[in-house]
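K.L.:
Only the shape, not the letters, is given here:
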């Protein structure tokens, strides 16, 4: 069972390392209107990847019952909590980093986008497999 979560765990470690590295060279966004900045795009990718990989690990449970909402909520919720944790650590612990609300908002949007990517990718495959079987 733990083997299925290896990609998500490795990704979480990668996110942690990237958020802990001193970032004096990373541009600081003043407002969320700078959402298209490379910094926000990185947040979308990191936390979107995290929720996608969590859902990928539990895809059998996700598709084998009526609890899809629960599994999606858990994956998105873990991404949000992890995003909050990294921003708090950047603000209080990591040297040369500053956690901020706009980065956290990008983390939240990324977590939802990871779910959306998972849903769109595997919904097509599931529908395609049902058509072939019938």
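P.N.:
Thanks, I have the structure now. Quick caveat: nothing in here was measured; it's all calculated off a predicted structure.
K.L.:
Per-residue pLDDT of the closest residue to residue 58 other than its chain neighbours, please?
P.N.:
Among residues not flanking residue 58 along the chain, residue 71 sits closest, at 5.6 Å (Cβ to Cβ, 6 or more residues apart in numbering). Just so you know, the C-beta spots here come from the backbone N, C-alpha and C atoms, and that holds for glycine as well. Residue 71 carries a pLDDT score of 91 in this model.
K.L.:
any idea which element residue 71 lies in?
P.N.:
Secondary structure assigned from DSSP states H and E places residue 71 in helix 68-92.
K.L.:
which residue ranges form the helices in this protein?
P.N.:
6-20, 38-57, 59-63, 68-92, 101-133 (DSSP state H).
K.L.:
With respect to the ones you listed, which exhibits the lowest mean confidence?
P.N.:
helix 101-133 (a mean of 82).
K.L.:
ok so, going back, please look at the residue nearest to residue 58 and residue 61 and confirm they touch.
P.N.:
Yes - Residue 71 lies in contact with residue 61 (Cβ atoms under 8 Å); the separation is 6.2 Å.
K.L.:
More neighbours: those two, which one.
P.N.:
residue 71 (18 against 13; other Cβ atoms under 10 Å).
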